[in-house]
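Asker: sequence first, then the predicted structure:
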Amino acid sequence: MKHETTASTSREGQALALRYYRDAATRFRKARLQAARYPSAVIGVSIILFFVIVAIFAPLIATHDPRQANVVERLQGSSAEHYLGTDGVGRDLFSRIVHGTRISLKVGFMATAFSLGFGTLFGAIAGYYGGWLDNVIMRAMDIMLVMPSILLAMVIVTILGQSLTNAIIAVSIVYIPQYARILRASVLKVRQLDYVMAAKVIGASDFRILTRTVLPNCIAPLIVQATLGIGAAILDAAGLSFLGLGAEIGEPEWGAMLNENRNFIRRAPLTVTAPGMAIFLIVLAFNLLGDALRDALDPQIN
Amino acid sequence: MLAYLIQRFLSIGLSLLGVSLLVFFMVHLIPGDAALAILGERATEASLAELRREMGLDKPLYQQYAKFLWDIAHLDFGRSFKTRQPVIEEIKRYFPATVELTFAAMAFSILFGISAGIVAAIYRGKFLDYFSMSTSLAGISMPIFWLGLMLILLFSHVWPILPSTQRLDAILDLDIEHRTGFYLIDTLLMGNFAAFRNAVAHLILPAITLGTIPLAIIARMTRSSLLEVLNQPYITTAYAKGLSRWKVIGKHALKNSMVPVLTIIGLEFGYLMGGAILTEYIFSWPGLGSWLRDAVEARDIRPIQGGVLFVATIFMLVNLCVDILYAYFDPRIRIGDETT
């Protein structure tokens, strides 16, 4: 008897796997067609891939130690030795920007993963259980939204102290409400539907209902928000560092580099132009991709 | 309407209570102790105890919070530890600079944002549409602290026509009577036109920097909202009546498409009031933003608490005003009427 059950489930499993595979294949073909329709997505992905590759191979690409100061060679223009010249204490700008890619991508992905995780959790709980729990959670989220994100991040940095890690934590916390709101709205919409009721009647646990029937229906807006969120997180963290409240002094963080070099803007304009351009490009890439995803996943807008 | 206002004010009060909890517990969430954070590791035990007593940290928590609420209800946010000035006095001194900058930035972004949005909507799918929309996407992705530095590089160094720091040249500043705190108004009241021109020149670069992101957002919102309205049957009717394109857009479409744009403008306005931190820092603009940044750097707790509460209040009041303005733009929205 027991043997039979496992056999049938495994056959079922195979059929399921096959269906999933076919689905995935169709989806992939569709995605390729979509890509042609959304050139901005292609541009965005290309820029992101470029930065990811730079980040992975940073030690190989960089020509100098990004933290090694050499005062004799300070504020040089671009040359064969220093592609983008040197900064105020003689560090190689090109190498610093290359290594900064690692920091920025780390900030973007870690902060977004954190806020996505907690935002989803809070939103799901608030929307699914409702009542006082919903009230308390959403009130707290609203309070976070009544001040500019960078100000809230500054408050959190005041509490935790200044460091890159704390800047990441601050930015993560700041973006939790956005995800929580999206998820709560979707959960509220889905909760009343027949198949969720059916799952409840069968006796599925709350966790199972949330992860199997509710979450898959909110994936699209979450993906869009998360893509845009990575860009926003990178921007805010760079802003914090620019204010001197993020990355530690001397770290090759793009925002911090802008702050260090702003006094040399006349003598060595490249030290300010280049890091800012890097921030701009990476944020633009995530925005391009996010916009295209929104157009693709939400046909209502068109 | 009255019931609606009462309800809104209650809701604002509740949110402010939440914010007050946040800034109150800020002091206690700091690892170690707020006094230690302010005075640093090398402070003596006696001076730490002294500061703790001054900040009321030796009392039970509920007493501390009650006193905190009582004080802020009387607009007493304590004193800055760094400058020894009452926080409320500092807010009064720095706030006008922020307001002046915000208004200038919003004027810039509303004017150009709405125009760009209209142009993009009218020429949908044409070159002008792509041009203004890709420019606005670039605007949204722009690190404004970088934009500010680039503007300084271009217009203060390469082509030195505009000043890049402070609100007025130092020499002129000495002659100004600070009656309202708004330099544009103060200089005009005195009839000092040289100083007025100087103040305007100082305002241009920071206003462009601060206004760029709102401009981009407003342009995108105007475009999509206007496009939606242009698809409505009554627009077809208007065309069928033989009205010219500009009349249809100007008289029928534009006003109806402004409701969502107004929401965005209100939100941006509220954010800018306290969100000018980066811009003010770049241009050494002596406003709330620079002041708050300095407080955070020095871990000067009282100004941060007062500043955050103040900014949150302003933000919510601005949004309330926007909601009330809706009724003007869209009479179908009946404020306070739950049934519509």
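Answerer: Thanks, I have it.

Asker: dihedrals phi and psi, B:W159?
Answerer: Note on B:W159: backbone dihedrals following degrees, to the nearest 10 are phi -130, psi 80.

Asker: burial count for the residue of the stretch 1-150 of chain A found nearest chain B?
Answerer: Nearest residue of the stretch 1-150 of chain A to chain B, counting by C-beta to the nearest C-beta: A:P148, 3.5 Å away. For the C-beta atoms, the positions are set from N, CA and C on the backbone; glycine is no exception. When counting by other C-beta atoms under 10 Å in any protein chain shown, one arrives at 24 neighbours for A:P148.

Asker: which residues does B:L226 contact?
Answerer: With contacts defined as C-beta atoms under 8 Å, 6 or more residues apart in numbering or on different chains, the neighbours of B:L226 are B:G117, B:I118, B:A121, B:I249, B:A253, B:L254, B:S257.

Asker: can we see that at 7 Å?
Answerer: B:L226 is in contact with B:G117, B:I118, B:A121, B:A253, B:S257, counting by C-beta atoms under 7 Å, 6 or more residues apart in numbering or on different chains.

Asker: quick check: buried residues in the helix or strand hosting it?
Answerer: If you go by DSSP states H and E, B:L226 is part of helix B:193-230. Residues of helix B:193-230 classed as buried: B:195-196, B:198-199, B:202-227, B:229-230 (neighbour count, 16 or more other C-beta atoms under 10 Å in any protein chain shown).

Asker: need the helices for the stretch 101-250 of chain A, in chain order.
Answerer: A:131-145, A:149-160, A:164-191, A:194-202, A:206-208, A:219-242 (DSSP state H, counting those that start in this stretch).

Asker: chain center to the second one, what's the gap?
Answerer: So the one you mean is helix A:149-160. The chain centroid and the centroid of helix A:149-160 are separated by 19 Å under C-alpha atoms, centre = their mean, to the nearest Å.

Asker: where does pLDDT dip in the stretch 151-300 of chain A?
Answerer: Scanning the stretch 151-300 of chain A for pLDDT under 70 picks out the ranges A:298-300.

Asker: in it, which residue sits closest to chain B?
Answerer: Counting by C-beta to the nearest C-beta, the stretch 151-300 of chain A gets nearest chain B through A:G276, at 3.0 Å.

Asker: where does the residue of the stretch 1-150 of chain A closest to chain B fall, phi/psi-wise?
Answerer: phi -60, psi 140.

Asker: show the pLDDT at it.
Answerer: At A:P148, the pLDDT value in this model is 81.

Asker: quick check: it touching B:L272?
Answerer: No - distance between A:P148 and B:L272: 8.2 Å, which falls outside the contact criterion (C-beta atoms under 7 Å).

Asker: any idea of the pLDDT on B:F127?
Answerer: pLDDT at B:F127 comes out at 88.

Asker: separation between it and chain A?
Answerer: According to C-beta to the nearest C-beta, to the nearest Å, B:F127 and chain A sit 16 Å apart.

Asker: ok, that residue - how many residues close by?
Answerer: 8.

Asker: B:A49 too?
Answerer: What B:A49 shows, counting by other C-beta under 10 Å, is a neighbour count of 14.

Asker: mind checking how far A:I173 is from A:L281?
Answerer: Going from A:I173 to A:L281 by C-beta to C-beta, to the nearest Å gives 27 Å.

Asker: which one of these two has more residues nearby?
Answerer: A:I173 (19 against 14).

Asker: the more buried one contacts A:M154, doesn't it?
Answerer: No - A:I173 is beyond contact range of A:M154, at 11.9 Å (criterion: C-beta under 7 Å).

Asker: what residues does the stretch 1-150 of chain A have near chain B?
Answerer: A:R139, A:A140, A:D142, A:I143, A:V146, A:M147, A:P148, A:I150 (C-beta under 7 Å from any C-beta of the partner chain).

Asker: just give the nearest non-adjacent residue to the first one, would you?
Answerer: Pointing back at A:R139 there. B:G18 (6.3 Å; C-beta to C-beta, 6 or more residues apart in numbering or on different chains).

Asker: give me the neighbour count for that neighbour.
Answerer: 16.

Asker: which strand or helix spans it?
Answerer: Per DSSP H and E: helix B:2-29 holds B:G18.

Asker: what separates A:P252 from A:I97, distance-wise?
Answerer: In terms of C-beta to C-beta, A:P252 sits 7 Å off from A:I97.

Asker: where do the helices of the stretch 51-200 of chain B begin and end?
Answerer: Using DSSP H, counting those that start in this stretch, helices in the stretch 51-200 of chain B cover B:61-73, B:87-122, B:127-141, B:144-152, B:170-173, B:183-190, B:193-230.

Asker: and the second one, anywhere near chain A?
Answerer: Put plainly, it is helix B:87-122. No - applying C-beta under 7 Å from any C-beta, one finds helix B:87-122 separated from chain A by no less than 11.8 Å.

Asker: mean confidence score for that helix?
Answerer: Mean per-residue pLDDT for helix B:87-122: 92.

Asker: need the contact list for residue 128.
Answerer: Reading this off chain A. A:V187, A:R191, A:D206, A:L210.

Asker: wrong one, I was asking about chain B
Answerer: If you count contacts by C-beta under 7 Å, 6+ apart, then B:L128 has B:V119, B:A120 around it.

Asker: and it, how far from chain A?
Answerer: For B:L128 relative to chain A (C-beta to the nearest C-beta), the value is 18 Å.

Asker: quick check: residues of chain B near chain A?
Answerer: So chain B meets chain A at B:15, B:18-19, B:22, B:26, B:29-30, B:137-138, B:140-143, B:145-146, B:149, B:152-153, B:157, B:271, B:274-275, B:277-278, B:281, B:292-293, B:296-297, B:299, B:304, B:308, B:311-312, B:315-316 (C-beta under 7 Å from any C-beta).

Asker: among those residues, the buried ones, what's the PyMOL command?
Answerer: To isolate the buried ones among the residues of chain B next to chain A in PyMOL, judged by 16+ other C-beta under 10 Å, type:
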select buried, chain B and resi 15+18+19+22+26+30+137+138+140+141+142+143+145+146+149+152+153+271+274+275+277+278+281+292+293+296+297+299+304+308+311+312+315+316
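
Asker: quick check: which ranges of chain B have low pLDDT?
Answerer: Along chain B, segments meeting pLDDT under 70 span B:1, B:32-33, B:274-275, B:327-340.

Asker: in it, what residue lies closest to chain A?
Answerer: Closest point on chain B to chain A, by C-beta to the nearest C-beta, is B:W146, at 3.0 Å.

Asker: what's the local residue count around the nearest residue to B:K59 once chain neighbours are set aside?
Answerer: Nearest-residue entry for B:K59: B:K67, 7.7 Å, with adjacent residues in sequence omitted and distances by C-beta to C-beta, 6+ apart. Counted with other C-beta under 10 Å, the neighbours of B:K67 add up to 12.

Asker: touching, B:K67 and B:M55? I think so.
Answerer: No - contact between B:K67 and B:M55 fails when scored by C-beta under 7 Å: they sit 10.5 Å apart.

Asker: thinking again about what came up before, got phi/psi on the residue of the stretch 151-300 of chain A closest to chain B?
Answerer: Torsion angles, degrees, to the nearest 10, at A:G276: phi -60, psi -40.
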